[in-house]
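# Please find the sequence and the predicted model below.
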Amino acid sequence: MSALRNQMECRPLGLPVYVLQRTLNTKRMAKLERVFVWTGGVLFVTSLAVCLYSYLFVWGRAVFHATSLEARDSAVIDGDQIIPLVAIAADALLLTLFAAHHSVFARDRIKAAVARAIPERLLRSFYVWVASTLLILVCAFWVPVGGDFYRATGWRALPFGATQLYGLWIIVQAVRGIDPLELAGIRREAARGPLQITGPYALVRHPLYFGWVLAVFATPHMTGDRLAFAAITTLYLVIAIPWEERSLVRSFGEDYARYAREVRWRMIPFIY
């Protein structure tokens, strides 16, 4: 009886060692993936906060560069202030790197290539990690442009503020159907939903971009840095829209073609 009892107690130890190791490794990998995904979500929120802080406070300061004869060939002279073209070019390069990553990784073929190296369940989180890091680097290495174009105060600032709030309202309406956890890479992407054609989508085909233009251009205090950021990012959106619409046509077919005929303007009513 004693031998039988010992045999029964030791039977679990007779399980193949590799099965135990595989189980432990699977649990360890699942834990590491959760850490990777949630850290990416925190980084995503942090990058948005850093960008907002930079626009509101860092780029809201009017930096003035001293004029000199040597600077005239590499700068725009505006009265007694100088706006260096080198700074604008450097900032454009930073935003181009961020924009290029966004556009490249949004393509289906690139996604498929990356998926061969990274598990599909982590693909969105990987993209969030890279995009968020690049956005933080853009803000950290931004070269001051300088200049102070206008400043509206008192009641004159009210139309600007109202326009910015309207732009933010359009952005909220445009993205309210998107799961925030999915956007941050925490929850896996669901299947593409139905084509959006109501609300702000009845005004322009890309209302998120329209809201962005209103929010960044309608500031009551326009500095050179804010203008450079607004102009470069808007130019990127204008260039990216045809690429995005080709993808939408592949996804929705004739439905999107009919929608494009009904809603003429892509981004800005009566302009583009």
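Alright, I've got the coordinates. Quick caveat, the model's predicted, so the values are computed rather than measured.
# burial of residue 210, as a residue count?
24 (other Cβ atoms under 10 Å). All C-beta atoms are positioned from the backbone trio N, CA, C, and that covers glycine.
# and for the helix or strand where it lies, what are the contacting residues?
If you go by DSSP states H and E, residue 210 is part of helix 207-217. With Cβ atoms under 8 Å, 6 or more residues apart in numbering as the test, helix 207-217 has contacts from 55, 163-164, 166-171, 173-175, 199-201, 203-204, 226, 229-230, 233-234, 237, 241, 267-269.
# Apply 6 Å and report the result again.
163-164, 167-168, 170-171, 174, 200-201, 204, 230, 234, 237, 267-268 (Cβ atoms under 6 Å, 6 or more residues apart in numbering).
# These in strands, which ones?
Under the assignment DSSP state E, the contacts of helix 207-217 contribute nothing to strands.
# Greatest separation within those: which pair is it?
201 and 230 (23.1 Å; Cβ to Cβ).
# more crowded one of the two?
Higher neighbour count among residue 201 and residue 230: residue 230, with 20 against 17, using other Cβ under 10 Å.
# Contacts only, for the residue nearest the centre of the chain.
The centre of the chain sits closest to residue 131, judged by Cα atoms, centre = their mean, with a distance of 6.6 Å. For residue 131, the contact set (Cβ under 6 Å, 6+ apart) is empty.
# Would you confirm that it belongs to a strand?
No: judged by DSSP: H, G, I helix; E, B strand; the rest coil, residue 131 forms no part of a strand; its state is helix.
# Low-confidence regions, the stretch 51-200 of the chain specifically.
Filtered on pLDDT under 70, the stretch 51-200 of the chain yields the residue ranges 64-83, 103, 106-108, 181, 184, 186, 189-192.
# Now do the helices in it.
For the stretch 51-200 of the chain, helices defined by DSSP state H, counting those that start in this stretch occupy the ranges 85-105, 108-115, 123-140, 157-175, 180-183.
# from the ones you listed, which stretch is densest packed?
helix 123-140 (a mean of 19; mean count of other Cβ atoms under 10 Å).
# what's the angle from it to helix 85-105?
Going by axes from the mean of the first three to the mean of the last three Cα atoms, to 10 degrees, helix 123-140 is angled at 180 degrees with respect to helix 85-105.
# angle of helix 123-140 against helix 108-115?
100 degrees.
# check contacts around residue 148.
Going by Cβ under 6 Å, 6+ apart, the list of residues near residue 148 reads 62, 223.
# hang on, residue 42 in a helix?
Yes: membership of residue 42 in a helix is supported by three-state DSSP.
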